[in-house]
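Q: pasting the sequence and the predicted coordinates here, then a few questions.
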Amino acid sequence: MNDKKLICLALGAFLLALGLSAEAQPAAKVPRIGYLANDPQSSTGEAFRQGLRDLGYIEGQNIIIEWRFNERKRERIPELVAELVRLKPDVIVATTLTDLRRATTTIPIVMANYSGDPVADGIVTSLARPGGNITGLIPLTPELSGKRLELLKETLPKLSRLAVMYSGAR
């Protein structure tokens, strides 16, 4: 699944969770999204904007996005997290979560393309029931490998051999 599809799915999940609707918003209240990621040059930000446009949200018109990028400098994350939390957005979309989890338990947080294991990293309680204020999608999970194999076998019933290459390095 590409970045755009992951972001759009995560975006749809948080919009549904918050009950936001582009048509139903009162004129005085414009939803505010905090967005925290590593790289401002990644295609994920543009995919996120496009996903919002597809849902009827136009940045600067009926939605505000507070963009924050650590530019791959881990030491900047606590400062950026504090900025976003002070702004009190309706939701925060993030690829880096550890500091966010500690900074707020009330602002909904959506994992967007989180590359780690959120259960092992202590971000969520379990994949089935994340608990707290964090939800979202992760691209690779060992827990889903069996289901993926099952779906592949249903799709290709004559499949007799399969090779899988995976890099567990983070």
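A: Alright, I've got the coordinates. Small disclaimer: the values here were computed from a predicted structure and weren't measured.
Q: check which helix or strand covers I65.
A: According to DSSP states H and E, I65 maps onto strand 64-69.
Q: which other residues reach that strand?
A: 30-40, 45, 49, 52, 59, 80, 83-84, 87, 89 (C-beta atoms under 8 Å, 6 or more residues apart in numbering). Where C-beta positions appear, they are placed from N, C-alpha and C, glycine not excepted.
Q: show the buried residues in those.
A: 31-38, 45, 49, 52, 80, 84, 89 (16 or more other C-beta atoms under 10 Å).
Q: so of those, which ones are in helices?
A: Judged by DSSP state H, those include 45, 49, 52, 80, 84 as members of helices.
Q: and D90, how far from Q61?
A: Using C-beta to C-beta, to the nearest Å, D90 is found at 16 Å from Q61.
Q: what about those two, which has more around it?
A: Set side by side, D90 and Q61 show more neighbours around D90, with 18 against 9, by other C-beta atoms under 10 Å.
Q: quick check, the more buried one in contact with V30.
A: No. Counting by C-beta atoms under 8 Å, D90 sits too far from V30 to count as a contact (9.5 Å).
Q: residue ranges of the strands in the chain, please?
A: In the chain, the segments counted as strands under DSSP state E are 32-37, 64-69, 91-94, 109-111, 134-136.
Q: who does the nearest residue in space to P108 that is not next to it in sequence bridge with?
A: Spatial nearest neighbour of P108, chain neighbours left out: V91 (4.6 Å); criterion: C-beta to C-beta, 6 or more residues apart in numbering. Each beta-bridge partner of V91 is listed here, defined by DSSP bridges: I33.
Q: follow-up on the earlier one: tell me which two of the buried ones among the contacts of strand 64-69 sit farthest apart.
A: P31 and N38 (24.0 Å; C-beta to C-beta).
Q: check the gap between the closest residue to I65 other than its chain neighbours and R76 for me.
A: Nearest non-adjacent residue to I65, counting by C-beta to C-beta, 6+ apart: I33, 5.0 Å away. Plainly put, I33 is 20 Å away from R76 if you go by C-beta to C-beta.
Q: just how off-centre is stretch 46-62 within its chain?
A: On the basis of C-alpha atoms, centre = their mean, to the nearest Å, stretch 46-62 sits 15 Å off its chain's mean C-alpha point.
Q: just the buried positions in it, please.
A: Applying 16+ other C-beta under 10 Å to stretch 46-62 flags 47-49, 51-52, 57 as buried.
Q: check stretch 109-125 too.
A: Within stretch 109-125, the residues scored as buried using 16+ other C-beta under 10 Å are 109-114, 116-119, 123-124.
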